[in-house]
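Peer 1: after the sequence you'll find the predicted model.
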Amino acid sequence: MKKKKIYVAGCGGMLGEAFYAQFKNDYELKCTDKDVNESWLSLLDFRDFAAYRKDVTDFAPDYLFHLGAYTDLEFCEQNSDETYLTNTISVENAVYIANSLDIPLLYISTAGIFDGKKDLYDDWDIPNPLGVYARSKYMAERYVVENVEKFLVCRAGWMMGGGPQKDKKFIQKLMKQLKEGKKELFIVDDKDGTPTFTHDFAKNVKALLENELWGLYNMVCGGQTSRFEVAGELLELLGLKESIKITPVTSEYFKDIYFAERPPCERLDNRKLRIRNLNLMQDWKAALKEYIEMHYNDYLKVL
């Protein structure tokens, strides 16, 4: 039986690595990015609408996955036009392309689109984005939902995946400090959320796709937590709980580096997945353990 084809745009980052791994055996993939950092990637900047449309149309896929985005909140605040071009207008272009080919579209949204005034957000809560990054992602989410017949919009939380080469998020930032020999970590204790392991995320997208359960879904690991608790669990896993001190601080401590407004709570509830009996996301502690074992064994030898 001939494999179905998926075009994956913006596939060079931590999420793209997981999607490639989880889909490559069962589908024919064309993975593109503006940064060709893997042998299985080819060059395409999806902000170039004409090039994007031609590349997808020539491949004639059964599905279009649009993964890439700017996720550095400080960069987004300082480069709002470029952010809207990359995170919003490019997604509108993906919508035009998917609709012209009459194929389903996957878009990755974020827990960051909420204002953090609630303790927990389900799939039906109304977002209220606080900054440029959050607005750019939410407006793209809305455009997909309102203009594509068959779509998956999947909201991730605090992303972890990709290892030292591709992880630009919280876990790698901590691992870098440990590798540099830091004996004390200063961790914010006023930010709550839900980690999201990229491989679990890709597996759950695959299950929705293959069951053709189109729609918008929260898709985060199980268990609600905080930045401070995640850091503590990481040290526990690494056997460094006794030798490394964790000092709780407020977000004010890092305000010069992380000046973009962030919601105090980004906790998501996978309510729709649970109701559909298709929630494949692990508990965040189990996922963190798997992630560390998958990517950091060699890295840890220097600690």
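Peer 2: In hand now; what should we look at?
Peer 1: alpha carbons only for contacts and neighbour counts from here, please
Peer 2: Noted.
Peer 1: checking my notes, residue 165 in a helix, right?
Peer 2: Yes. Counting by DSSP: H, G, I helix; E, B strand; the rest coil, one finds residue 165 located in a helix.
Peer 1: show the pLDDT at it.
Peer 2: We have a pLDDT of 86 for residue 165.
Peer 1: pLDDT below threshold where in this protein?
Peer 2: Within the chain, the stretches with pLDDT under 70 are 298-303.
Peer 1: would you list every one of the helices in it?
Peer 2: For the chain, the helices defined by DSSP state H cover 14-23, 49-59, 73-78, 80-84, 90-101, 132-147, 163-166, 170-179, 198-211, 227-238, 271-275, 284-295, 297-300.
Peer 1: residue 109: which of those is closest?
Peer 2: Residue 109 lies closest to helix 132-147 among the helices of the chain, at 6.2 Å (Cα to Cα).
Peer 1: what about that closest one, distance to the chain center?
Peer 2: Computed by Cα atoms, centre = their mean, to the nearest Å, the chain-centroid distance of helix 132-147 equals 15 Å.
Peer 1: packing partners of it?
Peer 2: helix 73-78, helix 80-84, helix 90-101, strand 105-110, strand 151-156 (3 or more Cα pairs under 8 Å, 6 or more residues apart in numbering; DSSP states H and E).
Peer 1: among the ones you listed, which is nearest residue 137?
Peer 2: Closest among these, once you apply Cα to Cα, is strand 105-110, at 6.2 Å.
Peer 1: quick one: strands adjacent to that closest one?
Peer 2: Take DSSP bridges as the rule and strand 105-110 pairs in its sheet with strand 63-66 (parallel), strand 151-156 (parallel).
Peer 1: okay, the angle between the last one and helix 132-147?
Peer 2: Comparing the axes of strand 151-156 and helix 132-147 via axes from the mean of the first three to the mean of the last three Cα atoms, to 10 degrees yields an angle of 150 degrees.
Peer 1: what does strand 151-156 rub up against?
Peer 2: 104-111, 141, 144-145, 196, 201, 205, 209, 214-220 (Cα atoms under 8 Å, 6 or more residues apart in numbering).
Peer 1: and what of the shortest one?
Peer 2: When contacts are taken as Cα under 8 Å, 6+ apart, the neighbours of strand 63-66 outside the stretch itself are 5-10, 91, 94, 98, 103-108.
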